[in-house]
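# Let's see this in three dimensions:
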Amino acid sequence: MKRNLYKGGIFFAALSLPYLQFRYIALIQVIFFILYCVEKFKEKESFALRGPDYALGAFYLFLTLATVFSQTPVQSAVLLGYYTVGISFYWIVSREFSRDDFVALGLLLIFGATLASLIGVAQYLGGDLGQAAWLDQQANPNIRARAYSVFMNPNVLGEYLLVALIYNMALVLMSRRFLRGLLLTIPFGINLLTLLLTFSRGAWGGFAFAAIVFLLAYDYRYLPILALVGVMSLFVLPDVFIQRLLTIFTSSGDSSTSYRGMIYFGTEHLLQDYWLFGTGLGYGSFIEVYSLYRVEEIYGAHAHNIFLEILVETGVFGLVTFLYFMAKSAVQGIKTVLLSEVVSQRLMVITGLSALSGLFLHGLVENIFFDIRIVTLVWMLFGFTSASIKVVKS
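The predicted model follows:
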């Protein structure tokens, strides 16, 4: 009972993540995690490290060094604290979560996501275009608005909904009653609609890839159904969505594409001097240093590529240790999917693997670590990939 109580910080975060300032969520999680650690010491339980934990520890070391030698040390220190809170999510989820915990967390996350989606739909219906920089209206004349909800950015909302939708798929498959599973398709439909209304091409592609990975890991026989739904959607969706989708594969003259090209070019120049140790953790240090290397008058708050961003902020050693952590987590998760005969355990791991796959695909054109709320979800998902290590080793 006590150990279950200490999961309260994670449950609270799942519901309130979009709506509260993260400092309050972090404070509550820190209190719960300290109580959890005290209980572990009282029961004389060891904090045994597992395979991915060593890689994560190495990455955390370079996060710390990137904070100490940052161009903006105070801002980096705050961000390092938030990263630490996120890693505490990873620790508890990977060690303490059961099937019931997974379901409860998912229901809270989906409820919060659905509320955020309804806000986003209302914005779209009201013709709210948000910031002018979010959309090149000359290249996209038929798009009347973009949903961004409480995230103040349609791409971030798309990342958040990607996670909620994949989690929703897992809960439908875990439902022991048909009616319960059917009811769970309602928030799925609302969140999927809002994902479309973000007009975030990266989030669309990320969700499609995540869904493919999910079904491939769960039961590849469902893939033809997914392919059929995808083809049929091309004939059902309004032209505005199809035209936006096609701009991924064609030259549309969209200024966001050329803008990213300029950012990449400037970042390449920056890395010639900062490739070894980086500029420091967080976008504050990036902005300060990038201004000296920018191309023309193009300013950027981040590199618009998660792997490039990690390289810029933490240096080559930070990127290598993070990639190693990703690889160890993926291998461990795949082992669990292949060896575990418990459906709920497999679905927990599959949720983590597939959602992370979609997020990091989106991360090829966006810095998914720009918003600390998405960073927190990433650590939670990594916790899912490691949740059944003891099953594999037994």
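# helices and strands around the helix or strand containing Ala26, which ones?
Using DSSP states H and E, Ala26 sits within helix 22-42. On a contact count with 3 or more CB pairs under 8 Å, 6 or more residues apart in numbering; DSSP states H and E, helix 22-42 meets helix 2-5, helix 8-16, helix 73-96, helix 372-385. C-beta here means a position set from N, CA and C on the backbone, and glycine is covered the same way.
# which of those sits most buried?
helix 372-385 (a mean of 24; mean count of other CB atoms under 10 Å).
# So for the helix holding Ala26, mean pLDDT?
For helix 22-42, the mean per-residue pLDDT is 91.
# Would you mind writing the CA trace of that helix as CSV?
Taking Å, rounded to 0.1, in the frame of the first residue of the first chain, the C-alpha atoms of helix 22-42 are listed here in CSV:
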residue,chain,number,x,y,z
PHE,A,22,5.8,22.2,-14.3
ARG,A,23,7.5,23.6,-11.2
TYR,A,24,4.4,22.5,-9.1
ILE,A,25,4.3,19.1,-10.7
ALA,A,26,8.0,18.7,-10.1
LEU,A,27,7.7,19.7,-6.4
ILE,A,28,5.0,17.1,-5.8
GLN,A,29,6.9,14.4,-7.6
VAL,A,30,10.1,15.2,-5.6
ILE,A,31,8.1,14.8,-2.3
PHE,A,32,6.7,11.5,-3.4
PHE,A,33,10.1,10.2,-4.7
ILE,A,34,11.9,11.2,-1.4
LEU,A,35,9.2,9.3,0.5
TYR,A,36,9.7,6.3,-1.8
CYS,A,37,13.4,6.3,-1.3
VAL,A,38,13.0,6.6,2.5
GLU,A,39,10.7,3.6,2.4
LYS,A,40,13.2,1.6,0.4
PHE,A,41,15.9,2.3,2.9
LYS,A,42,13.6,1.4,5.8
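# what angle sits between that helix and helix 372-385?
Interaxial angle, helix 22-42 versus helix 372-385 (axes from the mean of the first three to the mean of the last three CA atoms, to 10 degrees): 30 degrees.
# Would you mind identifying the next helix or strand past helix 22-42?
Counting by DSSP H and E, the next helix or strand C-terminal to helix 22-42 is helix 51-68.
# now what about that next one, what contacts it?
By CB atoms under 8 Å, 6 or more residues apart in numbering, the surrounding residues in contact with helix 51-68 are 49, 73, 76-77, 79-80, 83-84, 87, 90, 277-278, 280-281, 313-315, 317-318, 321-322, 324-325, 327-329, 332, 382, 385-386, 389.
# now do stretch 311-320
Under CB under 8 Å, 6+ apart, the answer for stretch 311-320 is 59, 62-63, 65-66, 267, 270-271, 274-282, 285-286, 303, 307, 310, 322.
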